[in-house]
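Asks: structure for this input, please:
(one chain, ligands or ions: 1)
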Amino acid sequence: MIVYDLQCEQGHVFEGWFEDIRTFNNQNKKKLISCPVCNNTSIMKVPTTFGIKSSENGQNIPEKQAVLEKMTEKLSEFVEKNFDNVGTNFASEALKIHYGVSEPRNIRGISTTQEEKTLKEEGIQFFKVPVPAPPETDS
Ligand SMILES: [Zn+2]
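Replies: Next up, the predicted model:
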């Protein structure tokens, strides 16, 4: 469910709950939404920065998802530009840098759960970025 701040022609602001933005648009077009104060049916959505409340199980919130995807996109772009891709050698490369064998730099790559555990035990800081999975290839 999404909650929108709505405003009627007379300037009354109230909250409306909708399945999604399409439900709101449909209902609004059919004048099914009316102001609780004056019954006006010329309803506008008040732009809010984060007028989204997740449903209890928190799934399928298209707008929130879009925002997250945008952020992820930006983040992975940044990582791609500024981090050296070491692929599956991530863990060993991180260890080498940690022990001064390799020159210190930003790296990115893939690691297994086991490798991540090792890195944590060695006190190596890393963070995981959700990136869209690349298409599966048989190599
Ligand atoms: Zn009103």
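Asks: how about the residues of this protein by the ion?
Replies: C8, Q10, H12, C35, V37, C38, N40 (CB under 5 Å from the ion). Every C-beta, even on glycine, is put in place using the N, C-alpha and C of the backbone.
Asks: which helices and strands does the strand or helix carrying T23 pack with?
Replies: Here T23 sits within helix 21-29, counting by DSSP states H and E. On a contact count with 3 or more CB pairs under 8 Å, 6 or more residues apart in numbering; DSSP states H and E, helix 21-29 meets strand 2-7, strand 13-18.
Asks: spit out the contact partners of the residue of the chain most remote from its centre.
Replies: For the chain, the residue at maximal distance from the C-alpha centroid (CA atoms, centre = their mean) is C38, at 37.9 Å. Each residue near C38 by CB atoms under 8 Å, 6 or more residues apart in numbering is listed here: C8, Q10, H12.
Asks: how about the strands in this structure?
Replies: 2-7, 13-18, 44-45, 84-87, 107-109 (DSSP state E).
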